[in-house]
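Participant: Provided below are the primary sequence and the corresponding predicted coordinates.
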Amino acid sequence: MATEARLPIWMRPEPGTRRPRFTRDQIAATALAIADADGFEAVSMRRVAAELGAGTMTLYHYVSTKDDLLALMDDAIMAEVLLPDEALPRDDWRAATSLIARSSRDAFFRHPWALEGLRGARFGPNGMRHFEQSLVAIEATGLPPRERLALVAILDDYVFGFVTREVGERSERTTAEGTEWDEEAAFDYLEGMIDGGDFPAMRRLLGDGDRRAAWADVSAGWSDRFEHGLAIVLDGIELLIERRRADGAPPPLP
């Protein structure tokens, strides 16, 4: 039988004082604020306690371990992902999954350190609510359970993959000294590499004329590439639904 220390924090009651000095929500919000301001590495039990105006040992009265603190942080972010139930259309899986995907993207853009820093954090009640909303949204496809679960995972993979790449690109635009990189010099280097003949596909993409203008043309609308990519993923799901219907699968739920 698991001891209390090994149970997820959600299965353990909060300190049994009539008026606890701190709540788990306060502790999580404080930890998130530290990570947002100074990076995930700055989060420690000592730092969180100091920001709350408490001693470190006092904080341990509320949160037993660093893993518990990470679980609280993760669940606080998942609370930001959640949408009001009335905002999710139950008869339009495409609209519902799009809303969830955008909300997830926005939450993790607010906390760009979280995808890496909170990897492996224990699943909490808000994470379960997000999963429930995702299942409800995809349920209207009428696909069988195994495929519905796979589609939820695919949509999450798309969102998290997009956020990871976008955060990485933003970081790469800034040097270690915190100054913007020289885009002109970088493009000159790229052109030299293309003209060297080692990148024929890039040459075919940009041609031999004004490559800066060619790049501006082919990358036009890239700021909306999240929506473009999401539409492609959802188009693929629609094709899957049509194929399953042709195979005699049950119609979507009413």
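Facilitator: Sure, I can see it.

Participant: contacting residues around stretch 122-131?
Facilitator: When contacts are defined by CB atoms under 8 Å, 6 or more residues apart in numbering, stretch 122-131 is touched by residues 8-10, 67, 70-72, 74-76, 78-79, 81-82, 100, 104, 152. C-beta here means a position set from N, CA and C on the backbone, and glycine is covered the same way.

Participant: Pull out the buried positions in the one helix or strand S104 maps to.
Facilitator: Assigned by DSSP states H and E, S104 belongs to helix 93-110. By 16 or more other CB atoms under 10 Å, the buried positions in helix 93-110 come out as 93-94, 96-101, 103-105, 107-108.

Participant: and that helix, what other elements does it pack with?
Facilitator: In terms of contacts (3 or more CB pairs under 8 Å, 6 or more residues apart in numbering; DSSP states H and E), helix 93-110 is packed against helix 66-81, helix 125-139, helix 145-172, helix 225-246.

Participant: Can you tell me which helices and strands the last one packs against?
Facilitator: The reference is to helix 225-246. Under the contact criterion of 3+ CB pairs under 8 Å, 6+ apart, helix 225-246 touches helix 93-110, helix 145-172.

Participant: pLDDT on the longest one, on average?
Facilitator: The pLDDT scores in helix 145-172 average 90.

Participant: Tell me how far the next helix or strand after it lies from the chain's centre.
Facilitator: The helix or strand immediately downstream of helix 145-172 is helix 183-195, counting by DSSP H and E. Counting by CA atoms, centre = their mean, to the nearest Å, helix 183-195 is centred 33 Å from the centre of its parent chain.

Participant: contacts for helix 183-195?
Facilitator: Defining contact as CB under 8 Å, 6+ apart, one finds that helix 183-195 is touched by 199, 202-203, 206, 211-212, 215.

Participant: Just the ones of these in helices?
Facilitator: 202-203, 206, 211-212, 215 (DSSP state H).

Participant: Which two of those residues have the greatest separation?
Facilitator: R203 and R212 (14.5 Å; CB to CB).

Participant: Weed out the non-buried ones from the ones in helices among the contacts of helix 183-195.
Facilitator: Buried residues within the ones in helices among the contacts of helix 183-195, counting neighbours by 16+ other CB under 10 Å: 203, 206, 211.

Participant: domain assignment for this protein?
Facilitator: 4-171+224-246, 173-220 (automatic domain parsing).
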